[in-house]
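> Coordinates for the following, if possible.
(chains A and B)
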Amino acid sequence: MQAIPAVMLMPRNLLEVRSLRVLYKVHRGDVKAVDNVDLSVREGEILGVVGESGSGKSTLALAILRLLPKTARIADGHIYYKGEVDLAHSPENKLKEVRWKEISLIPQAALNALNPTLKIVDHFLETARAHGVHDRKWVIERASKLLSLLRLEPDRVLKSYPHELSGGMKQRVLIALAMLLEPTMLILDEPTTALDVLTQRFILDLLKDLHAKTNITMMFITHDIAVIADIADRMAVMYAGKVMEVGDVYTVFKEPKHPYSIALMKSIPSLTGSVEEMKSIPGTLPDLVNPPPGCRFWPRCPHAMDVCKKEEPPIVELKPGHLVSCWLHVRR
Amino acid sequence: MPLEPPLMEVRNLRVYYPVRKGMFGGVAYVKAVDGVSLVLNRGDIFTLVGESGCGKTTLGKTIVGLVKPTSGEILYKGKNILKLSKREYLEYRRNVQIIHQDPFSSLNPTKTVFQTLSFPLKRWGIARSRRDLIEKVSELLSLVGLKPPEDFLFKYPHQLSGGQRQRVVVARAISVNPELIMADEPITMIDVSLRIGILDLLLDLQKRFNTAYLFITHDFGAARYFAAKGGGLIAVMYLGKIVEVGPAEDVIHDPLHPYTKVLMSAVPVPDPELSRKKKLLKLKSLDIPSPMNPPPGCRFNTRCPFSKPKCEREEPPLIEVRKKHWAACWLYAS
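Below you'll find the predicted structure:
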């Protein structure tokens, strides 16, 4: 029997973000919201992106689909999709082919984005029309299939107005809308944040089930590391516009290597572990118009050395797939 | 027999909000709080947890006098707060302070930190001259961790981060040295890495000044941290009622009421192995009944995996199942 070359066993990178920089213009200068970020999304995986507000996680999502607000611009870098298209530099007509048909986004607080005057069925038809699909019958069939997959009654829900649905139902409608045109990848920005405990659990289990059935690639963005532990295959920890650590969830949770990841995990009041060991991270988030030189975390880092204050740390691969951007792990 | 009445006592409190049904229909009532009793003494920590719509915020607002109860009594040092004399009412108002959820809207954007914090000091005659005021306000700012105070005194809210603003709100609440602080979701809008810092600050005040807290949250992790560190109780609310009360770690790790058990099985934990191994207790129904028309008997019976015929007929009382750990469930009563 012939050995299969290792490269063929490696999951393919569906999306590759390379040296991406996104700036927001404000009167004081430029907010460096995403600064020199490298991140890959593998085909068929659930990648969790965790970070506090201002870490750049939502900006990253918007940049991938080029849906950034007018005050923002991609200053540098590439976003390769399927190894061929560079979304960072594609013209609008090319982006239109990717949005919703290849990559869909469920933005944060989208629960309130449904038009209160339109029935759910019209949301589906409208979305399809906006992307050049006019086959009414196909849209309704596909919508019904997705809604049942998400354990909603298609007939009742399609006829409803948004106000007639609960938060959990609306969130499921949004997931179905995002999946309408059979995209390869779904970006979910804080999809369970506004939901109650039991609804959150239901949506998380539903997403896992959906992932198992369709093998759709997901990028799951949240500030809640417990949710990442529950659903993701791999995770990226972001802080102040930078990716600090990337790895599979079991490794990162068991042996976090970046001082920020370690501190973040200790700062969550959770149901497990001793309350005595939980601690907040001293200091505050840096000003991203004038970020500190060197590593962005050094003003709050318990291990900060001289080099951290001067030079940006390189990315170090500790184990295959476990990447850390920290001087502590640079062998010199 | 205690020598003096408790700081705050709530007896069989009900708060119903009227809503009109249809254009010509009659009036129905949302039973936000429906028969709650509790006692708070100096230095006590009482944490109310529940999902949205369970009535926790209404209960908190009623206790601090922002909402009028439909029936039942709220006693401040043994006196009904609706029947206080003007002078007693002022004392109650001063001694019971509030921290709201949103530090962005609970500070006046046109006032500096100094103006915001000196107002209550002047109002209650704690400091009068400008020099005294600056000294006292600086002291408060240091106490809440805004150091050096000179850097913050003359800043406006928009110049502060969310965490810093919430610290100013805390400073304002403690400026008059209150006996009780009602904190409604005080860390929900705060950055994750700073949340425990705010909770520690509140706990520190409990230790130093024996401040009592009524802490309201939807976050079981935060409730556990606050109550466990402060040696307090966690109470779980469902559809206007307290269904379980007990010491923090007992309620979290060994819940009695089926509703609490279901919730604990559903909350993700920051450990991939544990979180995925957790067995979800299946509910009979995901739908929360309308608070306008709660089910008869136990309110949880329509969703409870353990419900029996009795649960549909009779309402279970809160009984002490274990030491200081109460639950309102027929599983534990006969």
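
> contacts and neighbour counts: CA atoms only from here.
OK.

> Just list the residues touching B:Ala173, thanks.
B:Gln97, B:Ile98, B:Ile99, B:Ile181 (Cα atoms under 8 Å, 6 or more residues apart in numbering or on different chains).

> how about the second one, secondary structure?
Each residue gets one of three states, and B:Ile98 gets strand by DSSP: H, G, I helix; E, B strand; the rest coil.

> Tell me where the stretch 101-250 of chain B has helices.
Secondary structure of the stretch 101-250 of chain B by DSSP state H, counting those that start in this stretch: the helices cover B:113-123, B:130-143, B:150-153, B:162-174, B:192-209, B:220-229, B:248-253.

> Contacts only, for A:Trp100.
Contacts of A:Trp100 by Cα under 8 Å, 6+ apart are A:His131, A:Ala178, A:Met179, A:Leu180, A:Leu181, A:Glu182, A:Pro183.

> so what's the second one scoring on pLDDT?
Yep, that's A:Ala178 we're talking about. The model reports A:Ala178 with a pLDDT of 93.

> doesn't A:Ile187 make contact with it?
No: A:Ala178 lies out of contact with A:Ile187 (Cα atoms under 8 Å); the separation is 9.0 Å.

> anything in contact with each of these two?
A:Ser104, A:Leu105, A:Ile106.

> what about A:Glu84, distance to A:Asn36?
21 Å (Cα to Cα, to the nearest Å).

> Can you tell me the SS state at A:Asp38?
Per three-state DSSP, A:Asp38 ends up strand.

> For it, the count of nearby residues, please.
If you count neighbours by other Cα atoms under 10 Å in any protein chain shown, A:Asp38 ends up with 17.

> So for it, what's the pLDDT?
For A:Asp38, the predicted pLDDT is 96.

> What is the nearest of the contacts of B:Ala173 to A:Tyr161?
Comparing these against A:Tyr161 with Cα to Cα picks out B:Ile99 as the nearest, at 36.3 Å.

> in the sheet, who's paired with the residue nearest to the closest one when sequence neighbours are not counted?
Of all residues beyond its chain neighbours, the one nearest B:Ile99 is B:Ala183 (4.6 Å), with distances taken as Cα to Cα, 6 or more residues apart in numbering or on different chains. For B:Ala183, the beta-bridge partners under DSSP bridges are B:Ile99, B:Phe215.

> still on that earlier bit, which of A:Glu84 and A:Asn36 has more neighbours?
A:Asn36 (19 against 9).

> Now for that one: which residues touch it?
A:Arg18, A:Ser19, A:Leu20, A:Arg21, A:Gly77, A:Lys242.

> now for those, which pair is the farthest apart?
Across the contacts of A:Asn36 (Cα to Cα), the longest gap, 13.7 Å, separates A:Gly77 and A:Lys242.

> So for those two, which residue has more residues nearby?
A:Lys242 (26 against 19).

> mind listing what's buried in stretch B:139-146?
B:Glu139, B:Leu140, B:Leu141, B:Leu143, B:Val144, B:Gly145, B:Leu146 (16 or more other Cα atoms under 10 Å in any protein chain shown).

> Now tabulate these in JSON lines and tack on distance to A:Arg28 and pLDDT.
Output for the buried residues of stretch B:139-146, formatted as JSON lines (distance: Cα to Cα, whole Å; pLDDT from 0 to 100):
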{"residue": "B:Glu139", "distance to A:Arg28": "32", "pLDDT": "91"}
{"residue": "B:Leu140", "distance to A:Arg28": "31", "pLDDT": "91"}
{"residue": "B:Leu141", "distance to A:Arg28": "28", "pLDDT": "92"}
{"residue": "B:Leu143", "distance to A:Arg28": "32", "pLDDT": "84"}
{"residue": "B:Val144", "distance to A:Arg28": "29", "pLDDT": "85"}
{"residue": "B:Gly145", "distance to A:Arg28": "27", "pLDDT": "82"}
{"residue": "B:Leu146", "distance to A:Arg28": "24", "pLDDT": "85"}
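
> near chain B, which residues of the stretch 151-300 of chain A?
A:196-199, A:201, A:223, A:225-230, A:249-250, A:253-254, A:264-265, A:267-272, A:275-276, A:278-282, A:284 (Cα under 8 Å from any Cα of the partner chain).

> where along the stretch 101-250 of chain A do the helices fall?
Using DSSP H, counting those that start in this stretch, helices in the stretch 101-250 of chain A cover A:120-130, A:136-149, A:154-159, A:167-178, A:197-214, A:225-231, A:249-254.

> quick one, which of those helices is packed in tightest?
helix A:225-231 (a mean of 25; mean count of other Cα atoms under 10 Å in any protein chain shown).

> neighbouring contacts of that one?
Contacts for helix A:225-231 (Cα under 8 Å, 6+ apart): A:46, A:48-50, A:204, A:208, A:220, A:222, A:235, A:249-250, A:253, A:265, B:268-272, B:275-276.

> How about stretch A:121-135?
Residues contacting stretch A:121-135 (Cα under 8 Å, 6+ apart): A:96, A:100, A:114-115, A:136, A:139-140, A:143, A:158-160, A:177, A:180-181.

> can you give me the offset of that stretch from its chain's centre?
Put simply, stretch A:121-135 sits 25 Å off its chain's centre (Cα atoms, centre = their mean, to the nearest Å).

> What of stretch A:69-80?
That offset, for stretch A:69-80, works out to 16 Å (Cα atoms, centre = their mean).

> buried sites along it?
A:Ala72, A:Arg73, A:Ile74, A:Gly77, A:His78, A:Ile79, A:Tyr80.

> In JSON lines, list those residues along with secondary structure, distance to B:Gly60 and pLDDT.
As requested, the buried residues of stretch A:69-80 are exported to JSON lines (DSSP: H, G, I helix; E, B strand; the rest coil; distance: Cα to Cα, whole Å; pLDDT from 0 to 100):
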{"residue": "A:Ala72", "secondary structure": "strand", "distance to B:Gly60": "42", "pLDDT": "95"}
{"residue": "A:Arg73", "secondary structure": "strand", "distance to B:Gly60": "46", "pLDDT": "95"}
{"residue": "A:Ile74", "secondary structure": "strand", "distance to B:Gly60": "47", "pLDDT": "97"}
{"residue": "A:Gly77", "secondary structure": "strand", "distance to B:Gly60": "51", "pLDDT": "96"}
{"residue": "A:His78", "secondary structure": "strand", "distance to B:Gly60": "51", "pLDDT": "96"}
{"residue": "A:Ile79", "secondary structure": "strand", "distance to B:Gly60": "49", "pLDDT": "97"}
{"residue": "A:Tyr80", "secondary structure": "strand", "distance to B:Gly60": "52", "pLDDT": "96"}
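
> Filtering those by proximity to chain B, which remain?
Checking the buried residues of stretch A:69-80 against chain B by Cα under 8 Å from any Cα, not one of them is in range.

> Check whether stretch B:239-256 comes near chain A.
Yes: with Cα under 8 Å from any Cα as the criterion, chain A is reached by stretch B:239-256 at B:Ile252.

> Which positions in that stretch come out as buried?
B:239-252, B:255-256.

> OK, contacts around the residue most central in space within chain B?
When Cα atoms, centre = their mean is applied to chain B, the residue found nearest the centroid is B:Ile216 (2.6 Å). Residues in contact with B:Ile216 (Cα under 8 Å, 6+ apart) are B:Thr47, B:Leu48, B:Val49, B:Lys56, B:Thr57, B:Gly60, B:Met182, B:Ala183, B:Asp184, B:Glu185, B:Ala223.

> For chain A, state which of those is nearest.
B:Ala223 (8.4 Å; Cα to the nearest Cα).

> Alright, that wraps it up for me.
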